[in-house]
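Enquirer: Show me how the following folds:
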Amino acid sequence: MIVVLMGVCGCGKTSVGQALAEKLSWEFADADLFHPDVNKQKMSAGVPLTDQDRYPWLRKLHTVICSWISEGRSGVLACSALKKSYRQVLATGQVPQDLSHTSNVSQDIPQHLDSAKPDDILFIYLKGSKEVIGSRLESRTGHFMPPGLLDSQFLTLEEPDDSENSTSVDIAQPLMAVVMDIYQTIVELS
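Expert: So this is what the prediction gives:
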């Protein structure tokens, strides 16, 4: 199983993901580490990323997911995955047709990597209010994402719907309570 912890910046994806992966003895990857330098520079300057900025990055993360699956490993990926189309790219590797012509991303997927099925990936939406997340961002140091981009993240956010293999968890509770809620969901699905 692959779990993608999704949500806006500052919702706790990395902290929850590391703790959850440790509890499950699963792989962990932080999507922020896969951003090209140009994306990090844009965000550091307070410039929101465009779909065209995100699609090559999402395709790279799709290959991570597929590598875990093809090797029979379970993993936790911390990734904003703000839009439904982004989550579809993570799951399928395919950029939406209406945007593929404007993106620098080839639609070709190496044969051995096209192995993710919709049920292989569970999206966990770390849901919280702008106030809670904003206060967390204000106290965070050493991250390229400035608090000023939180509004653009909420504007971009498309909460998962019933058509997606997903659930949400309230992040207003303590970190380990969030981890245990997710852990219980995984146990129930196993």
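
Enquirer: which ones are touching residue 164?
Expert: Neighbour list for residue 164: 84, 87, 123 [criterion: C-beta atoms under 8 Å, 6 or more residues apart in numbering]. Where C-beta positions appear, they are placed from N, C-alpha and C, glycine not excepted.

Enquirer: wait, doesn't the first one sit right on residue 162?
Expert: No: with contact taken as C-beta atoms under 8 Å, residue 84 and residue 162 are classed as non-touching, separated by 11.7 Å.

Enquirer: The two: who's more crowded?
Expert: Neighbours were counted for residue 84 and for residue 162 using other C-beta atoms under 10 Å; residue 84 has more, 17 against 5.

Enquirer: so where do the strands sit in the protein?
Expert: Using DSSP state E, the strands of the chain run over 2-6, 27-30, 75-78, 121-127, 166-170.

Enquirer: What strands line up against the third one, and which way round?
Expert: Using DSSP bridges, the neighbouring strands of strand 75-78 in the sheet come out as strand 2-6 (parallel), strand 27-30 (parallel).

Enquirer: And the contacts of the shortest one?
Expert: Surrounding strand 27-30, the residues in contact under the criterion C-beta under 8 Å, 6+ apart are 13-14, 17-18, 21-22, 61, 64, 68, 73-78.

Enquirer: Try it again at 7 Å.
Expert: For strand 27-30, the external contacting residues (C-beta atoms under 7 Å, 6 or more residues apart in numbering) are 14, 17, 18, 21, 64, 68, 73, 74, 75, 76, 77, 78.

Enquirer: Over to stretch 6-16?
Expert: Outside of stretch 6-16, the residues within contact range by C-beta under 7 Å, 6+ apart are 5, 30, 78-81, 123-128, 133, 136-137, 140, 145, 149-150, 153-154, 157, 171, 175, 178-179.

Enquirer: So among those, which ones count as buried?
Expert: 5, 30, 78-81, 123-128, 133, 136-137, 145, 149-150, 153, 157, 171, 178-179 (16 or more other C-beta atoms under 10 Å).

Enquirer: Low-confidence stretches in the chain?
Expert: By pLDDT under 70, the weakly predicted segments of the chain are 97-118, 140-148.

Enquirer: Pick out the residue closest to the middle of it.
Expert: Residue closest to the average C-alpha location in the chain (C-alpha atoms, centre = their mean): residue 79, at 1.9 Å.

Enquirer: ok, the closest residue to that one other than its chain neighbours - how many residues close by?
Expert: In this structure, residue 79 finds its nearest non-sequential neighbour in residue 31, 3.6 Å apart by C-beta to C-beta, 6 or more residues apart in numbering. For residue 31, the count of nearby residues is 23 (other C-beta under 10 Å).

Enquirer: follow-up on the earlier one: now distance to residue 91 too, for the strands paired with strand 75-78, in CSV please.
Expert: Output for the strands paired with strand 75-78, formatted as CSV (distance: least, C-beta to C-beta, whole Å):
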stretch, distance to residue 91
strand 2-6, 9
strand 27-30, 15
